[in-house]
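In: Here is my input, please return the structure:
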Amino acid sequence: MYPERMLKVEMAVMTSKLEHLVEDLHKNGIMHFEIVKDLEWIKNSPPHSSIDILSEKVKYIRDCIFIANKIGLTFGIKSDKKYSKKILEGFINSYKEVVDLEKELEWVKGNLKTAHILEKFGINNERFEQKRFLFELYEVNPKYVEKVKMVANEKEIDFDSLPVSKNHYVLLSGGPKDKEVFTSIAKEYAMIPISLSDIKSIKNTEVEIRNLKNQISKKHFDLRIELSDYLNILKKDLAEYEIELERAKIVSKFGKSKLNHYMKGWICYKDKSKLDSIMKKYDESCVIFYTEPGVEELAPTKFNNHKLVKPFESLVTFLSVPKSNEVDPSLIFAIFLPMFFGFVMGDLGYALIVLLGAYFVRNKYFKKTGFGRNLLTILCYSSLWGIFFGIIFGEGFGFDFEFEFLGVTFPLIKRITDVITLFTISLIFGFIHMLLGYTLGAIQTFKMKKMRDFYVNVIWIVMQLSWLLMALGHVTIGLYIMGILTLLVLYFNGLMGILDITSLFGNIVSYVRLGAVGLSGVIFSMMINMIKPDLSQGFLIILTTILFVVFTIFTIILSIYSGLIQSGRLHAVECLSKFFEGGGYYFEPFAIPEDENKIGEKK
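Out: You can find the predicted model right below:
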């Protein structure tokens, strides 16, 4: 349940061997580097001299690969041609011309739209060009159209309006002397003026659009032909230059004296032998020291979970990254959150729909690892518990069902009638969850040598066990233990300790929400099933079917939302607050990214 154990690494290497050592460490990707800044006699090393050159190369190549993607060029042809900076600049400049043409095309399309609007107003190009007439076109809020019309009539200005799609347009016309009047009306009613200065006839505008499209297509074609000769080598070089750039940048984290470079960082304890084997060839030019992190020293965090638990790491880091020396709550989330979710949903049909839907969406639209994919994976796990509890409760799509299996009659619990049983199970969940939280808190505080906090956590553990004794019928023994513990709580926490006891009781009781929210879902489903389709409804069966499907979908969404929110809240507020602090930071190894390794292999 703890993250990977970390070792602090400090090393000094002769400057003449630095480049080779950095290359070896980068290839193996096992070390997280920190900035050397706490030794007065060591200066921070400046970035490697090649960093500016490499940055420029990477920028040009990235721009060209971006251009290739934008014009639909996904793979190049086999070619021995060599590129230069001038050739790459040519590709970039050509693409800038394409972008300018595309902007011009959009502008001309806007003019065509305006020309069509003018045509609907009965304004042709010849009339528009006559100097003795003044036309102004505006886009206006529909609620102001009548007011604008009244003002125009008062000012003796020709007015016409036209709704086009969702927009409303107003055309004001008059003589040149009326321009100031047009402007004042437009300002008063927030009318948006539409420029008419470059409007041509519809026929001429359509010809201009075709010409621009042909120019863009030709430039795309020429770029694809020319760039295809270099795309493969560009992708290969980009992978290599980015690796070299990372190595050049990392040097700025090191310390530097006249003859040596100094570096420090972290490795996973399990990688110590691997680092030792790397350092063997630098025995005469490098010195390395390993130390365990101190109790208060903050090492980077690298999760150490099974692949089934890994999706829940996203929920933990949503709260905070665990410190490297504290319990990682991912496993607690993995065990309890799906169980709580399934208990709240408790419907075989709904859970099956969620399982199939989440699985489909995850594999179709979230193929890359990330928060979205992890959340859908968690939903898949949780819906399995929903199916389990749906069988226990005998519920499917809000309807009750019964069956017998191996001599056992299901449902074992009917939520709508066995309310006390439902709430009792919720309290048992709360008891176990809180007990686990305080137990982990006791282990954590003992490990950190915070003995007062350790004793308080032990008191809360025994306090919960005393309540368990009373619940099992041993009331006298439970009360004696609780009385002694109350005195200890007053000793450690003062009079506020009384509030702490009631708070603990309240925390456990708050788990009743799991049963209560699930029960409200049952009642809501029963109400929906009252409008289920029936052949006796005649033509109304179409309406009832639509309503039934819509409300069922709404119920499923509501079940997902309430299940995740309530389960997540109980973890974050009730359980994790007893032991989890957070405030850590990720272990980020100095390593070659996987995709760059693959690019290199393909080429």
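In: and the residue nearest to Lys17 when sequence neighbours are not counted, what does it touch?
Out: Spatial nearest neighbour of Lys17, chain neighbours left out: Ser285 (4.4 Å); criterion: Cβ to Cβ, 6 or more residues apart in numbering. Every C-beta, even on glycine, is put in place using the N, C-alpha and C of the backbone. Residues near Ser285 by Cβ atoms under 8 Å, 6 or more residues apart in numbering: Val13, Met14, Ser16, Lys17.
In: which of those residues tops the neighbour count?
Out: Val13 (21 neighbours; other Cβ atoms under 10 Å).
In: any idea which helix or strand comes after the helix or strand harbouring that one?
Out: Here Val13 sits within strand 6-14, counting by DSSP states H and E. Past strand 6-14, heading to the C-terminal end, the next element that is a helix or strand (DSSP H and E) is helix 18-28.
In: Can you name every helix or strand that that following helix contacts?
Out: Packing partners of helix 18-28 (3 or more Cβ pairs under 8 Å, 6 or more residues apart in numbering; DSSP states H and E): helix 231-250, helix 272-279.
In: Kindly calculate the angle that that helix makes with helix 231-250.
Out: Calculated by axes from the mean of the first three to the mean of the last three Cα atoms, to 10 degrees, helix 18-28 forms an angle of 120 degrees with helix 231-250.
In: Pick out the residue closest to the middle of this protein.
Out: Centrality entry for the chain: nearest residue to the mean C-alpha point is Phe371, 4.8 Å, by Cα atoms, centre = their mean.
In: was I right about that one contacting Glu313?
Out: No. Using Cβ atoms under 8 Å, Phe371 is not in contact with Glu313, being 10.1 Å away.
In: Report the inter-axis angle for the longest helix seen in the chain versus helix 231-250.
Out: Determined from DSSP state H, the single longest helix within the chain is helix 85-120. If you take the same axes, to 10 degrees, helix 85-120 sits at 110 degrees to helix 231-250.
In: Give me the buried positions along helix 85-120.
Out: Judged by neighbour count using 16 or more other Cβ atoms under 10 Å, the buried positions of helix 85-120 are 87-88, 91, 94-95, 98, 105, 108, 111-112, 114-115, 117-118.
In: and what of stretch 315-326?
Out: Buried residues in stretch 315-326 (16+ other Cβ under 10 Å): Leu315, Val316, Thr317, Val321, Pro322, Lys323, Ser324, Asn325, Glu326.
In: now stretch 383-397
Out: So for stretch 383-397, counting by 16+ other Cβ under 10 Å, buried means 383, 385-397.
In: what would those look like in TSV with distance to Val148 and secondary structure?
Out: As requested, these are exported to TSV (distance: Cβ to Cβ, whole Å; DSSP: H, G, I helix; E, B strand; the rest coil):
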residue	distance to Val148	secondary structure
Ser383	57	helix
Trp385	62	helix
Gly386	59	helix
Ile387	62	helix
Phe388	66	helix
Phe389	63	helix
Gly390	62	helix
Ile391	67	helix
Ile392	68	helix
Phe393	64	helix
Gly394	66	coil
Glu395	61	strand
Gly396	60	strand
Phe397	56	coil
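In: The protein: strands as residue ranges?
Out: Using DSSP state E, the strands of the chain run over residues 6-14, 31-34, 43-44, 134-139, 158-164, 167-174, 192-194, 255-256, 260-268, 286-291, 395-396, 399-400, 403-405, 408-410.
In: Out of these, which is closest to Phe66?
Out: strand 31-34 (29.9 Å; Cβ to Cβ).
In: Each with direction, which strands does the closest one pair with?
Out: strand 260-268 (antiparallel) (DSSP bridges).
In: and the strand it pairs with with strand 6-14, angle?
Out: Using the same axes, to 10 degrees: strand 260-268 against strand 6-14 is 160 degrees.
In: what sits up against strand 260-268?
Out: Contacts for strand 260-268 (Cβ under 8 Å, 6+ apart): 4-15, 18, 30-34, 36, 39, 42, 45, 251, 253-256, 275, 299-300, 302, 587, 590.
In: Would you map out the domains in this structure?
Out: Here the domain parsing of the chain from automatic domain parsing is 1-45+254-302+587-595, 48-112+210-244, 125-200, 310-578.
In: Buried ones in stretch 485-497, by neighbour count?
Out: Leu485, Leu488, Val489, Gly497.
In: show me what contacts Asn153?
Out: Here Asn153 is in contact with Phe159 (criterion: Cβ under 8 Å, 6+ apart).
In: mind checking how far it is from Phe135?
Out: 18 Å (Cβ to Cβ, to the nearest Å).
In: Which two of the contacts of Ser285 have the greatest separation?
Out: Taking Cβ to Cβ as the measure, the contacts of Ser285 have their most distant pair in Val13 and Ser16, spaced 9.0 Å apart.
In: Return the item of the buried residues of stretch 485-497 having minimum pLDDT.
Out: Within the buried residues of stretch 485-497, pLDDT reaches its minimum at Gly497, with 80.
In: Surely that residue and Leu490 touch.
Out: Yes. If you go by Cβ under 8 Å, Gly497 and Leu490 touch, sitting 4.9 Å apart.
In: distance of Ala299 from Asn325?
Out: Plainly put, Ala299 is 7 Å away from Asn325 if you go by Cβ to Cβ.
In: who touches both of the two?
Out: With Cβ under 8 Å, 6+ apart as the test, Ala299 and Asn325 both reach Pro293.
In: confidence score at Ser161?
Out: For Ser161, the predicted pLDDT is 88.
In: Specify the beta-bridge partners of it.
Out: The partner residues for Ser161, given DSSP bridges, come to Val170.
In: That one: neighbouring residues, count only.
Out: For Ser161, using other Cβ under 10 Å, the count is 17.
In: Run through this structure and note the low-pLDDT ranges.
Out: Where the chain drops to pLDDT under 70, the residues are 38-50, 124-133, 594-603.
In: redo that, cut-off 80
Out: Applying pLDDT under 80 to the chain picks out residues 37-51, 122-135, 165-166, 176, 196-198, 257-258, 295-296, 532-539, 593-603.
In: what residues does stretch 187-200 touch?
Out: 111, 114-115, 118, 125, 128, 135-141, 144, 147-148, 151, 169-170, 185-186, 205, 208.
In: I should have written stretch 584-595 there, sorry.
Out: 4, 6, 25-33, 243, 246, 250, 265-266, 268, 298, 300-302, 320-324, 326.
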